[in-house]
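*Asks:* give me a 3D structure for the following:
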Amino acid sequence: MIIVIEPPKGGTGLGTRFIDLVTIEVHGGRGGDGIVSFRREAHVPRGGPNGGDGGAGGDVVLVVDPKLATLADFRNGAIFRAEKGVSGGPNNRTGRRGESAFLKVPPGTVVCDADTGAELGDLTLNGQKLVAARGGQPGKGNASFATPRIRAPRNATRGEPGEFRRLRLELNLIADAGLIGVPNAGKSTLLATVSAARPRIADYPFTTLNPALGMVKMDRGFSFVLADLPGLIEGASQGIGLGLQFLRHVERTSILIYVLGTGLELTPLQQYLTVREEVLTYKPELERLLEIVVLSRVDLAGKAEMDEALASLPEGALPVSAATGQGIDVFLRKLSDSVRKLREGLE
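*Replies:* Residues are numbered from 1 along each chain as shown. The predicted structure follows:
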């Protein structure tokens, strides 16, 4: 498979769902050519035709890989080609079929023809495949053209080109984990620290009006999507503040990360109780979601204040500081382990 990647021209969108969009080109492999050949045997002055057919070209196939969370492995304008079929050989040998190119995509990838807009497939199941560009038909060797009247044909055909398509891959993905908390708790700063996302950050309520999403890349190719959800205030379950708009986003995550800031009007414990109560009032079944509790901005608090806050919070609460990096590695390890276990449970 030949891959030519041009510099990225696109990006990821922000919204209630994480939309990853990319346009690529796929080329099925050309079919192998047939050949002209005749038997060459001692004492047989006029051996018959024995030119073999070529092999079919390889296909370009999209395959769902549940370990992937984004389309980050693709770039706009990337070109993917399957292998060409091998030409036929003498003694009626058929050429080898070209190897297919298998492109791994995450679950939830919608595949469309970029030129016509037609939807070609909605890939959601583990291992699901879609042939995006078929390989070309092979050429015929001269042995295929022999007839009782034409015993020594000298013609063969070339293999046909493979299919060509421009594909638009659109990923409708729900974030693996969501950062929730009251306004100014430090969610956006934490997201910007652990991912490439650059959410709007300021020291006033409701800076985040829409979820900002970032991809967190860990070692060995493992990645997951983290969402910074709008700040929550008391009464959100009745529509106060961003209200129901915020709480709908909470439903679309697998892990809730309670980010509790120091130095705010509410104590960290009050923040946790307020946010959790609003979430469960909105939909009690959300209690089944995995929780991670984070005490943020600990660089702004003294040790006594930090210890007191941690003692009041659920067991396992993690102190972190985006400014100094304190606790970030521990937080990421715990979060990535949780995401892995949830994904393994879905396989």
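
*Asks:* for K187, see how far away L226 is.
*Replies:* L226 sits at a distance of 10 Å from K187 (criterion: Cβ to Cβ, to the nearest Å). Where you see a C-beta, it was placed from the backbone N, CA and C, and this is true even at glycine.

*Asks:* then whichever strand or helix holds L171 to PDB, C-alphas only?
*Replies:* Element membership of L171, judged by DSSP states H and E, is strand 164-173. Below are the C-alpha coordinates for strand 164-173, written out as PDB (Å, rounded to 0.1, in the frame of the first residue of the first chain):
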ATOM      1  CA  PHE A 164     -11.200   5.900  -7.500                       C
ATOM      2  CA  ARG A 165     -13.200   7.800  -4.900                       C
ATOM      3  CA  ARG A 166     -12.900  10.900  -2.800                       C
ATOM      4  CA  LEU A 167     -14.300  10.000   0.600                       C
ATOM      5  CA  ARG A 168     -15.500  12.200   3.400                       C
ATOM      6  CA  LEU A 169     -15.100  10.500   6.700                       C
ATOM      7  CA  GLU A 170     -17.200  12.000   9.500                       C
ATOM      8  CA  LEU A 171     -17.000  10.800  13.000                       C
ATOM      9  CA  ASN A 172     -19.900  11.200  15.300                       C
ATOM     10  CA  LEU A 173     -18.200  10.400  18.600                       C
END
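
*Asks:* got the buried residues for that strand?
*Replies:* Burial within strand 164-173, assessed by neighbour count using 16 or more other Cβ atoms under 10 Å, is assigned to R165, L167, R168, L169, E170, L171, L173.

*Asks:* so can I have TSV of the residues you listed showing distance to N142 and pLDDT?
*Replies:* Shown next, in TSV, are the buried residues of strand 164-173 (distance: Cβ to Cβ, whole Å; pLDDT from 0 to 100):
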residue	distance to N142	pLDDT
R165	33	96
L167	38	97
R168	43	95
L169	43	94
E170	48	85
L171	49	79
L173	53	56
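
*Asks:* reformat the residues you listed as a markdown table; add distance to P268.
*Replies:* Formatted as a markdown table, these follow (distance: Cβ to Cβ, whole Å):
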| residue | distance to P268 |
| --- | --- |
| R165 | 53 |
| L167 | 48 |
| R168 | 45 |
| L169 | 42 |
| E170 | 40 |
| L171 | 35 |
| L173 | 31 |
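
*Asks:* just those residues now: which is nearest G47?
*Replies:* Proximity of the buried residues of strand 164-173 to G47 (Cβ to Cβ) peaks at R165, which lies at 43.9 Å.

*Asks:* make sure D115 is actually in contact with L167.
*Replies:* No - contact criterion Cβ atoms under 8 Å: D115 and L167 do not qualify, at 9.6 Å.

*Asks:* which neighbours do the two share?
*Replies:* Jointly contacting D115 and L167 under the rule Cβ atoms under 8 Å, 6 or more residues apart in numbering is no residue at all.

*Asks:* now G48, nearest residue through space, not along the chain?
*Replies:* R39 (5.7 Å; Cβ to Cβ, 6 or more residues apart in numbering).

*Asks:* that neighbour and G95, how far apart?
*Replies:* Going from R39 to G95 by Cβ to Cβ gives 19 Å.
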